[in-house]
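> Need a 3D model of the sequence below.
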Amino acid sequence: MMTWCDDIDAAMQRGKSPYNALDVLGWVRDGNASFAATERMSASVWWNGPSGPEIGHICGEWNDDDARWLLEVADRECRERGVDCIAVQGRKAWRRFLRIKGITQ
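Sure, this is the predicted structure:
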């Protein structure tokens, strides 16, 4: 059975991130990230990114409705902290994939 940690690790490896699930969970524990989850997906916003707040991860079994909800939560948390937008910088073509799904930044 896959856990959130397994999903996060797999997503980070696919994105060639220098970080892993323990980093993400450490950021959440220390208050440096926000975490949200549905039954199928999870996502985080990292507040101490080198270029400002950024998506820490989005992973799990893709579902359009869940992804939209997770990104809405991230957007709301950013606005509450005075951040106008989130830049999704992940695997090559990630932005294009989101656009195809009807999710724009």
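> could you pull out the helices for the chain?
When secondary structure is read from DSSP state H, the chain shows helices at 4-14, 21-29, 64-80, 94-100.
> quick one: which of the ones you listed has the weakest pLDDT on average?
If the helices of the chain are sorted by mean pLDDT, helix 94-100 sits at the bottom with a mean of 76.
> give me the number of residues near the closest residue to Cys59 other than its chain neighbours?
If the residues on either side of it in the chain are set aside, Cys59 comes closest to Ala11, at 3.6 Å by Cβ to Cβ, 6 or more residues apart in numbering. To be clear about C-beta, it is placed using only N, CA and C from the backbone, and glycine gets the same treatment. Burial measure for Ala11: 22 neighbouring residues, criterion other Cβ atoms under 10 Å.
> that older thread, reformat the helices of the chain as CSV; add distance to Glu54.
Compiled in CSV, the helices of the chain are given as follows (distance: least, Cβ to Cβ, whole Å):
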stretch, distance to Glu54
helix 4-14, 13
helix 21-29, 11
helix 64-80, 10
helix 94-100, 12
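> Please identify which of the ones you listed is closest to Thr38.
Closest approach to Thr38 among the helices of the chain is made by helix 64-80 (4.2 Å; Cβ to Cβ).
> buried sites along the closest one?
For helix 64-80, the buried set under the neighbour-count rule, 16 or more other Cβ atoms under 10 Å, comprises 66-67, 70-71, 73-75, 77-78.
> Same question for stretch 47-58.
Neighbour counts over stretch 47-58 (16+ other Cβ under 10 Å) mark 47, 49, 53-58 as buried.
> closest to Cys85 among the residues you listed?
Set against Cys85, the nearest of the buried residues of stretch 47-58 by Cβ to Cβ is Pro53 (9.5 Å).
> Good, wrapping up.
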